[in-house]
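1. Sharing a sequence plus its predicted fold:
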Amino acid sequence: MRTIKTVGVVGAGTMGAAIAQKFAQEGFTVLLADRDQPSVEKGMGQIRTMLAQGVERKVFSEALMNDALARITGTADLQDMKGCDLVVEAIFEDRDAKAQLFRTLDGVVPSTTILATNTSSFSITDLATSASHPERFIGLHYFYHAAKNRLVEIIPGAHTSPEVFDAVRAFCERSGKDAITCKDANGFVVNRYFVPWLNEAARLLDEGVADIPTIDAVCMRTFGIGMGPFALMNATGVPVAYHAQRTLEVFGPLYAVSDRLKQQAEAKQLWVLEGEADTDEAKARVISERMLGTVFLVCSQLLDEQVCGAVEINRGARIGLRWRKGPIDLMERYGEAEVRRLLSAMAARHGTPVPKSIGPAHWSMEFVKLRKKKKNIAVIELDRPEDSNALNELVVRQLDAKFKAADEDPSIDTIFLIGSGKAFMAGADIKFFVDHMKKGDLEGSIASHSTARKCSHGSTPRRRRSWPSSMASPWAAVWNSPCAPI
């Protein structure tokens, strides 16, 4: 696998500067480029400010700040990118401008340099036609604020090589990101349901269902979030939401831009958030059902189209949007019958077919992965970074099943247990105990906890063949070996 050490970021605006900052913080050599020196200096100034705030808030030390700054070089000359292993484009969302940039970069960097676009909406396969080697082209969609938000969407194009995908996936892990992978489709994963969610809020306002404070308040309560859709649009930019929704209109009437969002974006005005929320429960019910129905309908379409799986949908909201419960969590909470009712109402409203991917069978999420490395090594990965890989009943069952599968494979003699994200394993999921306490089922929580201990410490299952005397159990390799991706 090729190793990425030097990274170029083209576009020193808010997003590009944050991406460059994160790369430098994680130890990479970074070149930050823009069209002229004043733009470069502005981006470098944003990075210095953000790093200084981190020191002030004791997020990291002054020494780390100085080391990060020393790793970043600003430039207004794209020729400086020729020594980069990876170049990430982070300019404004204009398809022609991005294509022209990649045509220029294609003549600068060697054919071994990976080219990535941070587009939030354009086709990766289409943009790859701007490069003479489309196999080295890939999508890397970062989320605001990219120096803090751990989510990144990895989107391979039709011609992206497996080698490039593997190198980028490993790079994302090394750069402190929690990655989700999806097919190359408009909106990818998160924007596909998040932007229509914003658009539906504008529709409710346009139809006179409720005012902005009421819609925001109901959404905050329903989805367990700190900011409602209108406050979020003000924070990220109303024109950004408008443009993103326009790129989704290819999916049909459900995705048509609302008149109110279009007017607000073209007027270049923020939404007026002031005022008291209405406490009328009838209004709240309409808002909640429309907003939930929109998310449930779009997410079920994503599953139908196999753009991604349930884990990617849920993780995108939990990490990227900071929702307390992801769309899959919410669908499991409401149940199949209610989910079908809510999304069917939205489908009928917009003349859209009801998706088939509804119900527990489509909502299952795999949080423990097993893969073989070489011939004799198994790697079991706890993959629940949105909850710091904490153990609950589902994770314990999956962990037990993966260990048994590895144990029963006679070709495997070494097992590594690793954890994705910023934590190996945070221990037991507190919510798991609380849920059992509420049900008066303390014995159930004890039994599940005991299963987790047996699984992780190797008391069960046992291998049928002998082991070196230095290894007390077949799982000793797990604890005596470095827990790091291999």
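-> Noted; the coordinates are in hand. Computed from a prediction, not measured in an experiment: that's the story for all the values here.
2. By mean pLDDT, which helix or strand of this protein comes out lowest?
-> Within the chain, judged by mean pLDDT, DSSP states H and E, the helix or strand with the poorest mean is helix 476-480; its value is a mean of 34.
3. so where's the longest helix in this protein?
-> Across the chain, the longest stretch assigned as helix under DSSP state H is helix 281-304.
4. hmm, who's touching that one?
-> Defining contact as Cβ atoms under 8 Å, 6 or more residues apart in numbering, one finds that helix 281-304 is touched by 189, 192-193, 196-197, 200-201, 203-204, 209-210, 214-215, 218-219, 222-223, 251, 254, 308-310, 313, 327-328, 330-331, 334, 339, 342-343, 345-347, 352, 355-358, 362. Heads up, the C-betas are built off the backbone N, CA and C, glycines and all.
5. where along the stretch 301-450 of the chain do the helices fall?
-> For the stretch 301-450 of the chain, helices defined by DSSP state H, counting those that start in this stretch occupy the ranges 310-315, 327-334, 336-350, 360-363, 393-407, 430-438, 442-457.
6. buried set for the second one?
-> What it means is helix 327-334. Of all the residues in helix 327-334, those buried under the rule 16 or more other Cβ atoms under 10 Å are 327, 328, 329, 330, 331, 332.
7. what's the answer for the shortest one, then?
-> Neighbour-count burial for helix 360-363, with 16+ other Cβ under 10 Å as criterion, is recorded at 362, 363.
8. I'd like to know which elements it is packed against.
-> Contacts defined by 3 or more Cβ pairs under 8 Å, 6 or more residues apart in numbering; DSSP states H and E place helix 360-363 against helix 327-334.
9. Which secondary structure elements does the helix it packs on sit against?
-> Checking 3+ Cβ pairs under 8 Å, 6+ apart, helix 327-334 ends up next to helix 281-304, helix 310-315, helix 360-363.
10. my guess is residue 125 meets residue 158, correct?
-> Yes. Under the criterion of Cβ atoms under 8 Å, residue 125 makes contact with residue 158 at 4.3 Å.
11. between these two, who's got more neighbours?
-> A side-by-side neighbour count of residue 125 and residue 158, using other Cβ atoms under 10 Å, places residue 125 first with 17 against 14.
12. Tell me if I am right that the more buried one is in a helix.
-> Yes. Applying DSSP: H, G, I helix; E, B strand; the rest coil, one finds residue 125 inside a helix.
13. so where is this protein shaky, pLDDT-wise?
-> 431-439, 441-486 (pLDDT under 70).
14. Per the annotation, how does it divide into domains?
-> What automatic domain parsing lists as the domains of the chain is 6-181, 190-362, 368-480.
15. And the longest one, end to end?
-> Looking back up the chat, that one is domain 6-181. Using Cα to Cα, to the nearest Å, the end-to-end distance of domain 6-181 comes to 23 Å.
16. Likewise for stretch 255-274?
-> 28 Å.
17. same question, stretch 171-183
-> Length of stretch 171-183, first residue to last, Cα to Cα: 19 Å.
18. again, but for stretch 408-425
-> Stretch 408-425 has an end-to-end distance of 25 Å (criterion: Cα to Cα).
19. where's it relative to the chain centroid, distance-wise?
-> In this view, stretch 408-425 has its centroid 23 Å away from the chain centroid, taken as Cα atoms, centre = their mean, to the nearest Å.
20. how much distance is there from stretch 93-107 to the middle of the chain?
-> Taking mean C-alpha positions (Cα atoms, centre = their mean), stretch 93-107 and its chain are 25 Å apart.
21. what number of residues lie near the closest residue to residue 427 other than its chain neighbours?
-> With Cβ to Cβ, 6 or more residues apart in numbering as the criterion, residue 427 has its nearest non-adjacent residue at 6.3 Å, and that residue is residue 390. By other Cβ under 10 Å, 18 other residues sit near residue 390.
22. residues in contact with residue 390?
-> With contact taken as Cβ under 8 Å, 6+ apart, residue 390 is in contact with 384, 425, 426, 427, 428, 429, 430.
23. Where do the helices of the stretch 1-150 of the chain begin and end?
-> Under the criterion DSSP H, counting those that start in this stretch, helices of the stretch 1-150 of the chain are mapped to 14-25, 37-56, 62-70, 95-106, 124-127.
24. Give me the angle between the second one and helix 62-70.
-> In other words, helix 37-56. Orientation check (axes from the mean of the first three to the mean of the last three Cα atoms, to 10 degrees): helix 37-56 against helix 62-70 gives 160 degrees.
25. packing partners for helix 37-56?
-> Packed next to helix 37-56, using 3+ Cβ pairs under 8 Å, 6+ apart, are helix 14-25, strand 29-33, helix 62-70, strand 72-75.
26. now swap in the last one and tell me
-> When contacts are defined as 3+ Cβ pairs under 8 Å, 6+ apart, helix 124-127 sits against helix 95-106, strand 137-142.
27. Just the buried residues of that helix, please?
-> 124, 125, 127.
28. how much space between the first one and residue 160?
-> If you measure residue 124 against residue 160 using Cβ to Cβ, to the nearest Å, the figure is 8 Å.
29. swap in the last one?
-> Spatial separation of residue 127 from residue 160 under the definition Cβ to Cβ is 11 Å.
30. quick one: common contacting residues for those two?
-> Contact criterion Cβ under 8 Å, 6+ apart; residues shared by residue 127 and residue 160: residue 137.
31. and stretch 183-195, how far out from the chain's middle?
-> That offset, for stretch 183-195, works out to 11 Å (Cα atoms, centre = their mean).
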